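**Q** Structure for the following, please:
(one chain, ligands or ions: 2)
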Amino acid sequence: FKGGTDDVRESPAIRVVRSLIADGCIITAYDPAAMKNAQAVLPEGSVAFAENAYQVMDEADALVVLTDWAEFSQLDMVQIKQRLGSPIVLDGRNMFDSSAMKEMGLTYVCVGRPSDGIVTAKQAFSAGKRKKRALVTGAAGFLGSHMVDALLAEGYSVLGVDNLLTGRVKNIQHLNGDPHFEFLRHDISEPFDPGTMDMVFNMASPASPVDYTIHGVETLLVGSSGTRNALEIARRYKAKFLHCSTSECYGDPLIHPQPESYWGHVNPIGPRSVYDESKRFSEALIMAYHRYYGVDTRLVRIFNTYGPRLQLNDGRVISNFLRQALCGEDLTIYGDGSQTRSFCYVSDQIDGLLRLMHSDEHNPVNIGNPEEFTILECANEVLAATGSESRLVFRSLPQDDPKQRCPDITRAMTLLGWTPKVRLPQGLHLSIPWFAANIGKKADNEHLAPRHITLPALSELPLRTGSARTVTLVDSMRSVSS
Ligand code: NAD
Ligand code: UDP
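**A** Numbering: from 1, shown residues only. Ligands and ions are numbered 1, 2, ... in the order given. The predicted structure follows:
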């Protein structure tokens, strides 16, 4: 934390690294003396260490300078520019000459020297660089909040909309005060007009089996009315539109791996139908808006995605296993654990979504990691990554739980040049610090009791009693009474 020492006690640099990891950043670090001590206090495997100051820059999205070693002030700016993937330098120790950095074409952000023409982080982003305005529905959710971060980093102004049904304010709290981010608490199943938009990312919907079973009707409404409202915004403002659909459209698939051309094997009235049919309806609606109204739409079928900010208590397998392993509880395997899933790390998923948005592809594209694991294998990966000695216990398999799931990503590779980069063990390592830091903390709008519900069969659902109602549905063609 200061040049010339290997002391890392109470080091702000370590705090910054931890917080970047928690936000899903992939860190490569270098320090001439303190790497060994840093390694001991950072979660194992969470940071890669480089051999010299130049090596850390290779292909990085930004260089962050956190200690004032004299050798850092001597770094060759041409090399910095050439090696960085994006020419951004965040200088926490005011080590560099600002005009020279600017002349070199580097975006230079330092601290506490605003008067000599150096930009602060906020000024850097407001310096006329904002390209366009993007709407993200479901912005306080797991994927939505990562999308907001990615768009802000790309220079967009973002309006995030969320009714906080399953999302959390905490996921976007770090954007408080960012002049390029606005948040609107609103249920998108009700119409709204956010003003001019260039892009709409429609990400709002309960997503885990536990969440959509609890919020069944809301799930159907957000897929139907909510998607229609989001489409109307894209239509009105001629915005590009991307919708997050799901591998659940394939149901319990009979074809393996699943290509986009497969129409699926779905129970339309089972407990998962509220989600499956909501997403299938939204896909049909989006294709209709594209065909009949010329809206510039895109459809992504997302396969099981995980990472920091996954709701701790959403009942999904990675959130359950990580929470259980870190708390020393038994890992709950549903069924015999032979069913398979393919797990995609969040940074790969967001990269795929952005590539699709920037493409002209209107037909569905699978985005997921085709490396397939049985649930038992997944449990063992979690035990290995956490070093936990938790036991495996077996519970009943929920109704209609798909036996296998694995994306065919040929279209994503050929159309978008996309392939996932983060394998499950690495992704788990990247997720653990966030889970460890958040377990036990009660978030503003979250009840942290672990949730596991067994999905009831239709015959077990209580029937409402009372007088029958006559409902009349009218459209321009005919009138139906039932
Ligand atoms: P999430 O529950 O963390 O986020 C969904 C967000 O949508 C939440 O913040 C929630 O409050 C919000 N929301 C729900 N209904 C809303 C409404 N009517 N109006 C406004 N906001 C509403 O889930 P996630 O994993 O981030 O999923 C995001 C999207 O990706 C969803 O559409 C989901 O179906 C899709 N998806 C996710 C996965 C995955 O593995 N994470 C897989 C397939 C599809
Ligand atoms: N699962 C499990 N234990 C858990 C949670 C889930 O064995 O604690 C299983 C679940 O039955 C399913 C798989 O893990 O076979 C993935 O479940 P998840 O809820 O994450 O998502 P799904 O792919 O079913 O939508």
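**Q** Could you check the pLDDT of the closest residue to Leu220 other than its chain neighbours?
**A** Using Cβ to Cβ, 6 or more residues apart in numbering and skipping the chain neighbours, the partner closest in space to Leu220 is Ser278 (4.8 Å). Heads up, the C-betas are built off the backbone N, CA and C, glycines and all. Looking at Ser278, its pLDDT is 98.
**Q** So which elements touch the helix or strand where Ser278 lies?
**A** Taking DSSP states H and E as the criterion, Ser278 maps to helix 273-293. Other helices and strands packing on helix 273-293, by 3 or more Cβ pairs under 8 Å, 6 or more residues apart in numbering; DSSP states H and E, are helix 209-214, helix 216-221, helix 227-237, strand 240-246, strand 297-302.
**Q** Minimum distance to Pro420: which of those has it?
**A** The closest of the helices and strands packed on helix 273-293 to Pro420 is strand 297-302. By Cβ to Cβ, the value is 12.2 Å.
**Q** Paired strands for the closest one, with orientation please.
**A** If you go by DSSP bridges, strand 297-302 pairs up with strand 240-246 (parallel), strand 365-367 (parallel).
**Q** What about contact with ligand 2: does the helix or strand following that strand have any residue there?
**A** Sequence order places strand 305-306 as the next helix or strand after strand 297-302, per DSSP H and E. No: counting by Cβ under 6 Å from any ligand atom, no contacts exist between strand 305-306 and ligand 2, the nearest distance being 8.4 Å.
**Q** which strands and helices sit next to the next helix or strand after strand 305-306?
**A** Downstream of strand 305-306, the next assigned helix or strand under DSSP H and E is helix 317-327. In terms of contacts (3+ Cβ pairs under 8 Å, 6+ apart), helix 317-327 is packed against strand 331-334, helix 375-386, helix 424-438.
**Q** what about helix 317-327, near ligand 1?
**A** No: applying Cβ under 6 Å from any ligand atom, one finds helix 317-327 out of contact with ligand 1, separated by at least 8.8 Å.
**Q** Would you mark the buried spots in that helix?
**A** Residues of helix 317-327 classed as buried: Val317, Ile318, Ser319, Asn320, Phe321, Leu322, Arg323, Gln324, Ala325, Leu326 (neighbour count, 16 or more other Cβ atoms under 10 Å).
**Q** what's the answer for stretch 267-287, then?
**A** Buried residues in stretch 267-287, counted by 16+ other Cβ under 10 Å: 270-280, 282-283, 285-286.
**Q** just curious, which of the residues you listed is nearest to Gly440?
**A** The closest of the buried residues of stretch 267-287, once distances to Gly440 are taken by Cβ to Cβ, is Tyr275, at 29.5 Å.
**Q** what about Glu389, how many neighbours?
**A** The number of residues packed near Glu389 is 8, by other Cβ atoms under 10 Å.
**Q** near ligand 1, which residues of this structure?
**A** Residues of the chain lying near ligand 1 (Cβ under 6 Å from any ligand atom): 137-138, 140-144, 161-167, 187-189, 203-207, 211, 222, 226, 244, 246, 302, 304-305, 311.
**Q** returning to what we had before: adding mean neighbour count and mean pLDDT, write the helices and strands packed on helix 273-293 out as CSV.
**A** Below are the helices and strands packed on helix 273-293 laid out as CSV (neighbours: other Cβ atoms under 10 Å; pLDDT from 0 to 100):
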stretch, mean neighbour count, mean pLDDT
helix 209-214, 22, 95
helix 216-221, 19, 98
helix 227-237, 21, 98
strand 240-246, 24, 98
strand 297-302, 24, 98
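**Q** mind putting these in a markdown table, distance to Thr107 included?
**A** Conversion of the helices and strands packed on helix 273-293 to a markdown table gives the following (distance: least, Cβ to Cβ, whole Å):
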| stretch | distance to Thr107 |
| --- | --- |
| helix 209-214 | 39 |
| helix 216-221 | 42 |
| helix 227-237 | 29 |
| strand 240-246 | 26 |
| strand 297-302 | 30 |
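**Q** What does the pLDDT read for Leu428?
**A** 97.
**Q** got a list of what it touches?
**A** Ile318, Leu322, Glu381, Val382, Ala385, Thr386 (Cβ atoms under 8 Å, 6 or more residues apart in numbering).
**Q** tell me which residues form a beta bridge with Leu299?
**A** Applying DSSP bridges to Leu299 gives these bridge partners: His243.
**Q** Settle this for me: it is touching Asn363, isn't it.
**A** Yes: contact status for Leu299 versus Asn363: in contact at 7.1 Å, counting by Cβ atoms under 8 Å.
**Q** before we move on, back to that, tell me the one of the buried residues of helix 317-327 nearest ligand 1?
**A** Ligand 1 lies nearest to Ile318 out of the buried residues of helix 317-327, by Cβ to the nearest ligand atom, at 8.8 Å.
**Q** For that closest one, give its distance to Cys378.
**A** Counting by Cβ to Cβ, to the nearest Å, the separation of Ile318 from Cys378 is 8 Å.
**Q** which neighbours do the two share?
**A** By Cβ under 8 Å, 6+ apart, the residues touching both Ile318 and Cys378 are Phe343.
**Q** pLDDT below threshold where in the stretch 351-482 of the chain?
**A** 441-482 (pLDDT under 70).
**Q** If we ignore the residues flanking it in sequence, what's nearest the residue of it found nearest ligand 1?
**A** Closest to ligand 1 within the stretch 351-482 of the chain is Gly368: 8.3 Å, counting by Cβ to the nearest ligand atom. Distances taken as Cβ to Cβ, 6+ apart put Phe303 closest to Gly368, at 2.5 Å, once the chain neighbours are dropped.
**Q** Give me the number of neighbouring residues for that neighbour.
**A** Phe303: 26 surrounding residues under other Cβ under 10 Å.
**Q** Name the nearest of the buried residues of helix 317-327 relative to Glu10.
**A** Nearest to Glu10 among these: Leu326, at 24.5 Å, using Cβ to Cβ.
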